[in-house]
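Predicted model follows, preceded by the sequence.
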Amino acid sequence: MKKRFIVVILIIAVGVLIAGYLNLNSAERDTKSRIDIAAVDILATSTTSPTIGMDPNMPGMTHIESAPAARPVSIVLGTFGFGVTTVFIWAGLARRRDRREAAVRKQTRVSSELSK
Amino acid sequence: MNQNVLIEEIEDLSVEPKGRNFLKNKNVLSFMRSPWYPTVFQIPVAAVFGLIAYQLFAGPPSAHENAGTALMWVLWWPLIPILFVILGRFWCAICPFATLSDFVQKLVGVNRPVPVFLKKYGIWIIDASFIAITWADHVFGIVASPWGSGILLLLITFAVIVSGAFFQRRTFCRYLCFLGGLSGNYARTGSIALRADTDICATCKSKAACFNGTEKVAGCPLFSFPRTMDSNANCNLCANCIKSCPNDAITLTVRKPTQELWYLRAPKIEESFLAMAIMGIVLIQNITMLEIWDQILKNVTRVTGISNYAIIFTLVFAVGVSLPVGLLAITAKIAGRKNLESTRLNFARFGYALIPLDVAGHVAHNLFHLLAEGKSVFYTVTSLFGNEASGSSALVSNKTIQVLQFAILALGLYGSLYSVKRITYRRFSASRTRISTFFPYALLVGVLGAINVGMFLFPMAHRI
């Protein structure tokens, strides 16, 4: 079962690397929209688009057009990584404590049975 | 209470009939017992989600051009309700988050029992999280923003990691996942059911291997005990029980769609509430993509004097989600006066009957995105390989989509009406009680069906 998980993780990693390579290539090309939208454009009727009388500073408007540089990817992923590491360490310590307590309980039970 | 009423109202306690057992087929049994099931599906799904995650964070910032957004919201999101209806919670068996939870559990799992408050209130947490995510989508932008979608994915991933690290089995999937709650409800309408042959289980000496697992196979990840299981809601067809049962007691049968809803014995109000809340959410999702949405916003601004979009949307959202819940509560009160069951029990029991219409509305809504924007998946994914394809994103014409939507709604309407009838007839034996119970709920199904049909008459905006 462990081997299967390692295989899964490796495949994800390879997939991400391939996607990263391909994305680097695509970023160099013209980013003009290739999709001819037939119906009403979501940005025109989007719930986040301003209309007359609406608050022009409403949240959610700028997120759609934000350039890559404006997205704090490293901060977000760094925070996520920090959180996951904390969880792993906490869980690892908790597991070790649980095992120690289980060993002590077992020892106590064996001792009490022997003393009988 | 009138003695005659007591004598007449005899509930039908017959159990759900079983259909043909697929596990009698040696190939199917052998495949499901194989160590590669369901891993053979988990691997490609995990790879695709890895690509989605990468694209959402590092891909083009515009939803039109982002393969992650297209794959997630134009392909995956519309397909999963259909999958829930056909194969129950099978998605949960191959979900990358579930796989991640198992992996984290193997690495650092503390395996603490599920907290009592989660067992009691988990479904309410699921209700709240589903509503919160939909609200956040409209106020902050999730679907139309790769960045927003990426943040959502990250938050879910973190929750899954915490759950896998500290609690047993797939606690997140069972008690916290908003999609799990949705799938649990929708899976009840499904045509496939995994159950145990209780006659064989009665002589079992394996100490509940189907639930506890064996040395080689884990126990049920969703804490279900096949011997007493009478619902698809918490079975993800992972086949752990099929692999661990030494007596071949597990069956995988085909049945009539929505059949499970007719035989429910312990209706839960929180599950009915979820079904109604989802219907409200689908109504809101529909209306915000129509041209009249701007007019609604202007009218609300004019009446309330509030111009802040977040506040206005919250008001409209609260009304929209409360509408089906409120209508069911009123109907339950009216029916309760005649059938002498409490409003709460009426609400709980007959909320399930509305699940077929719920599913139909959801599938019909997402069908538009899948069929009217489906080619965007092809364009954005092939662009990763240097292919500059262009053209309409529609797979079929809007007229075809509309016909399919109405056909699905018609099926949902019929399914709900028939379920109301079957639940009524099973619970009440007196004809007067049956009629006075059936009609209010049938009217409710009609009203909600008409609202759904009305929505689909108008052209809808694209998602990306």
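Structure's in. What do you need? Numbering: from 1, shown residues only, chains lettered A, B, ... in the order given.

Next up, the contacts around the nearest residue to residue B:382 once chain neighbours are set aside.
In space, residue B:382 comes closest to residue B:389 once its chain neighbours are excluded; the distance is 5.6 Å by C-beta to C-beta, 6 or more residues apart in numbering or on different chains. Every residue, glycine included, has its C-beta placed from N, CA and C. Residues in contact with residue B:389, defined by C-beta atoms under 8 Å, 6 or more residues apart in numbering or on different chains, are A:34, B:378-379, B:382-383.

May I ask which of the residues you listed has the most neighbours?
When neighbours are counted by other C-beta atoms under 10 Å in any protein chain shown, residue B:383 leads the contacts of residue B:389 with 25 neighbours.

Touching, that residue and residue B:64? I think so.
No: in this structure residue B:383 lies outside contact range of residue B:64 using C-beta atoms under 8 Å: 10.8 Å.

Tell me the residues on the stretch 351-464 of chain B that lie near chain A, please.
In this structure, the stretch 351-464 of chain B approaches chain A at residues B:372, B:375-376, B:379, B:383-386, B:388-394, B:398, B:459-464, judged by C-beta under 8 Å from any C-beta of the partner chain.

and if we set it to 10 Å?
Counting by C-beta under 10 Å from any C-beta of the partner chain, the positions of the stretch 351-464 of chain B adjacent to chain A are B:368, B:372-373, B:375-376, B:379-394, B:397-398, B:459-464.

got a pLDDT number for residue B:389?
Confidence at residue B:389, expressed as pLDDT, is 71.

which SSE is it in?
Assigned by DSSP states H and E, residue B:389 falls within no helix or strand.

The biggest helix by length in chain A and chain B, any residue contact?
For chain A, the helix reaching the highest residue count under DSSP state H is reported as helix A:73-115. Yes: judged by C-beta under 10 Å from any C-beta, helix A:73-115 comes into contact with chain B through A:73-74, A:76-77, A:79-80, A:83-84, A:86-99.

Pull up the residues of the stretch 101-250 of chain B that are close to chain A.
The stretch 101-250 of chain B has residues B:102-112, B:136-148, B:150-151, B:154-155, B:157-158, B:161-166, B:216-218 near chain A, with proximity defined as C-beta under 10 Å from any C-beta.

of the residues you listed, buried ones?
The neighbour count (16 or more other C-beta atoms under 10 Å in any protein chain shown) marks B:102-105, B:108-110, B:137-148, B:150-151, B:154, B:157, B:161-166, B:217-218 as buried among those.

Can you list which of those are found in helices?
B:102-105, B:108, B:146-148, B:150-151, B:154, B:157, B:161-166.

Can you give me the end-to-end span of stretch B:92-100?
Stretch B:92-100 has an end-to-end distance of 12 Å (C-alpha to C-alpha, to the nearest Å).

Can you list the buried residues in it?
When neighbours are counted by 16+ other C-beta under 10 Å, the buried residues of stretch B:92-100 are found to be B:92-100.

returning to that earlier point: can you list the contacts of residue B:389 in JSON lines and add distance to residue B:420?
Below are these laid out as JSON lines (distance: C-beta to C-beta, whole Å):
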{"residue": "A:34", "distance to residue B:420": "48"}
{"residue": "B:378", "distance to residue B:420": "42"}
{"residue": "B:379", "distance to residue B:420": "44"}
{"residue": "B:382", "distance to residue B:420": "47"}
{"residue": "B:383", "distance to residue B:420": "48"}
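
remind me which residues of chain A are low pLDDT?
Applying pLDDT under 70 to the predicted model, the residue ranges of chain A that meet it are A:1-70.

mind running it again at 80?
For chain A, applying pLDDT under 80 flags the ranges A:1-71, A:116.

what's the answer for chain B, then?
In the predicted model, chain B carries pLDDT under 80 at residues B:1-18, B:387-392, B:458-464.

how about the strands in it?
In chain B, strands defined by DSSP state E lie at B:192-196, B:250-254, B:391-392, listed in chain order.

Format the ones you listed as JSON lines; extra columns: distance to residue B:223 and mean neighbour count.
Output for these, formatted as JSON lines (distance: least, C-beta to C-beta, whole Å; neighbours: other C-beta atoms under 10 Å in any protein chain shown):
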{"stretch": "strand B:192-196", "distance to residue B:223": "15", "mean neighbour count": "22"}
{"stretch": "strand B:250-254", "distance to residue B:223": "16", "mean neighbour count": "19"}
{"stretch": "strand B:391-392", "distance to residue B:223": "47", "mean neighbour count": "14"}
